[in-house]
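>>> just a sequence and a predicted model for now, questions to come.
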Amino acid sequence: MKLKRFMTIAAAATAICVVGLQPSHAQDYPTKTVTVVVPFAAGGNTDTFGRLVAEELDKRLGQRFIVENKPGAGGNIGLGDLARSKPDGYTIGMGTVSSNAINQTLYKTLPYDKEKGFAPISLIASLPNVLVVNPDKIKANNVEELIAFLKTEPGKHTYASSGVGTSIHLAGELLATKAGVKITHVPYKGSSQAILDVVAGHVDMMFDNIPTAAQQVKAGKVKALAVTSLGKADLLPDVPTMANTIPGFEATSWHGLFAPPGTPPEIVEKLSKEVQAIIAEPAMQEKLKAMGVTPVGNTSAEFQAFIDKETAKWADVIKAANVPLQ
C-alpha cells in the first residue's frame, strides 16, 4: 500500500514538473538554428518575405533562421516536407493563398493531412493584384466598360495567368462568374512572360501582382482598370477597386508563416508575437509598403480564421468555374 501511494505521488510530481517546464521551454526557445522552408523558388515574393522575417527573427531571438527553398507542385513539395518535420519549432515555413487555401480544393490529394493542416503563426503581408489590359485589344477604360465589351464577343478574348490555380488565375475566374462573361484562360509558368505577352498583344488582359504590373502601367504599356483589394493600392493610387463595380470582389495574394501540426502552442504564440512586432516596426512597414504590399502581422487565431474564410471562398470559385482538379 505504501509503495502504491509512493508511486502515485511520484507520478503526480512528475506531471507537475513536466507541465511546469513547458513555459520555460518556450521562454528559452530557440536554442539552436531554425530552418524556414519556402515552398517556392528563390527570388519570388514568398522567398522575399520569408527572408525579411527570418533576418529579423535572427536579431530578435539570437539564433540563426535559415531559409531553405523547396519549390515544386504549387508549393506542395515544400509544405509536405514541413508537415513531416518534427513539431518542435525548429522547422517552420512560408505559405500563401495558393499553397494553403486554394490547393485544399484544387488538388485531389496533398502530401499532408488536409484536416490537420498546419499551425498558423502570423499573416505577414497581403499583396493586391491589378487588372491590366492591352489597350489595342480591349476597348475599355473601366471595369463596367470591360464587362460590356466582353459580353459582345463571348469567349473571343483571352486572359493570362502565372499558372493554373494561382490567385491570378482564379481572379479571372471570379470576374467571369460574378460578371457573367466568358473569357479564355491562357496559363503560363510564372507571371513574367505572361505580362510581357499582354504588352505584346499576344494575350488581351490579365490580373497580376501589383509590383510587377505597376512598372508596365507607369510605362504606358498596359492600361490598369482596377485593383483587387477592397481599398486602393499605394503603388497605383488613382486606380479604382474591382469592388466599386462588383461589390465584394477581393482577390489578393497573401503570405504567412506556419509551423508543423502539433507544434507546442506556447512556441507558436512566441513566434507569432515576434512576427507581429517585426511587422509593426516603422522601418519594416515602410519597406513593405514601398513594395506595394499591405503589412499585416496578426495572431495565430486571427490567421486561422482568415485562412478558413479564404479556403471556403476559393473552393466556391473553383467549383463554380469548373476548374479541372489537379
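Nice, I can see it.
>>> contacts and neighbour counts: CA atoms only from here.
Noted.
>>> and the nearest residue to Leu110 once chain neighbours are set aside, how many neighbours?
Leaving aside its sequence neighbours, Leu110 sits nearest to Asn76 (CA to CA, 6 or more residues apart in numbering; 6.9 Å). Around Asn76 there are 23 other residues, counting by other CA atoms under 10 Å.
>>> check Leu131 too.
Counted with other CA under 10 Å, the neighbours of Leu131 add up to 27.
>>> so it sits in a strand?
Yes - in this structure, Leu131 lies within a strand as judged by DSSP: H, G, I helix; E, B strand; the rest coil.
>>> what segments of the protein are strands?
Assigned by DSSP state E, the chain shows strands spanning 34-38, 65-69, 91-96, 119-127, 129-133, 158-161, 184-187, 205-209, 223-227, 253-259, 294-295.
>>> and the ones you listed as JSON lines, adding distance to Thr105 and mean pLDDT?
Formatted as JSON lines, the entries for those read as follows, by distance: least, CA to CA, whole Å; pLDDT from 0 to 100:
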{"stretch": "strand 34-38", "distance to Thr105": "21", "mean pLDDT": "97"}
{"stretch": "strand 65-69", "distance to Thr105": "24", "mean pLDDT": "97"}
{"stretch": "strand 91-96", "distance to Thr105": "14", "mean pLDDT": "96"}
{"stretch": "strand 119-127", "distance to Thr105": "19", "mean pLDDT": "96"}
{"stretch": "strand 129-133", "distance to Thr105": "21", "mean pLDDT": "97"}
{"stretch": "strand 158-161", "distance to Thr105": "19", "mean pLDDT": "96"}
{"stretch": "strand 184-187", "distance to Thr105": "19", "mean pLDDT": "95"}
{"stretch": "strand 205-209", "distance to Thr105": "21", "mean pLDDT": "95"}
{"stretch": "strand 223-227", "distance to Thr105": "25", "mean pLDDT": "98"}
{"stretch": "strand 253-259", "distance to Thr105": "17", "mean pLDDT": "96"}
{"stretch": "strand 294-295", "distance to Thr105": "26", "mean pLDDT": "94"}
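>>> would you list those strands in TSV and tack on distance to Pro111?
Output for the strands of the chain, formatted as TSV (distance: least, CA to CA, whole Å):
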stretch	distance to Pro111
strand 34-38	15
strand 65-69	17
strand 91-96	15
strand 119-127	16
strand 129-133	29
strand 158-161	25
strand 184-187	24
strand 205-209	27
strand 223-227	34
strand 253-259	16
strand 294-295	30
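>>> between these, which gets nearest to Pro247?
Closest of the strands of the chain to Pro247 is strand 223-227, at 12.9 Å (criterion: CA to CA).
>>> show me the helices in the stretch 201-326 of the chain, by range?
Counting by DSSP state H, counting those that start in this stretch, the segments of the stretch 201-326 of the chain that form helices are 210-218, 265-280, 282-290, 300-320.
>>> what residue lies at the spatial centre of the protein?
In the chain, the C-alpha closest to the average C-alpha coordinate belongs to Thr96, at a distance of 2.4 Å (CA atoms, centre = their mean).
>>> residue contacts, the closest residue to it other than its chain neighbours?
If you skip the residues right next to it in sequence, Thr96 has His255 as its closest partner in space, 4.5 Å away by CA to CA, 6+ apart. Residues counted as contacts of His255 (CA atoms under 8 Å, 6 or more residues apart in numbering) are 46, 49, 94-97, 123-126.
>>> could you dump these into CSV and include distance to Lys221?
As requested, the contacts of His255 are arranged in CSV below (distance: CA to CA, whole Å):
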residue, distance to Lys221
Thr46, 26
Phe49, 28
Met94, 33
Gly95, 32
Thr96, 29
Val97, 28
Leu123, 33
Ile124, 31
Ala125, 28
Ser126, 25
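>>> can you select the buried ones from the residues you listed in PyMOL?
Selecting just the buried residues from the contacts of His255 in PyMOL takes one command, with 16 or more other CA atoms under 10 Å as the test:
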select buried, resi 46+49+94+95+96+97+123+124+125+126
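>>> which regions of the chain sit below the pLDDT cut-off?
1-25 (pLDDT under 70).
>>> how does it divide into domains?
Here the domain parsing of the chain from automatic domain parsing is 32-126+253-321, 128-244.
>>> distance between the ends of the longest one?
With CA to CA, to the nearest Å as the measure, the first residue of domain 32-126+253-321 is 47 Å from its last.
>>> can you check the shortest one too?
Across its full length, domain 128-244 reaches 15 Å end to end, with CA to CA as the criterion.
>>> tell me how far that domain lies from the chain's centre.
The chain centroid and the centroid of domain 128-244 are separated by 19 Å under CA atoms, centre = their mean, to the nearest Å.
>>> please apply the same query to the longest one.
For domain 32-126+253-321, the separation from the chain centroid amounts to 7 Å (computed by CA atoms, centre = their mean).
>>> still on that earlier bit, which one of the contacts of His255 is nearest Ala224?
Set against Ala224, the nearest of these by CA to CA is Ser126 (19.4 Å).
>>> what sits against that closest one?
With the criterion set at CA under 8 Å, 6+ apart, Ser126 makes contact with 252-255, 293-296.
>>> including distance to Lys189, could the residues you listed go into CSV?
Putting the contacts of Ser126 into CSV (distance: CA to CA, whole Å) gives the following:
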residue, distance to Lys189
Thr252, 19
Ser253, 17
Trp254, 19
His255, 20
Val293, 23
Thr294, 25
Pro295, 27
Val296, 28
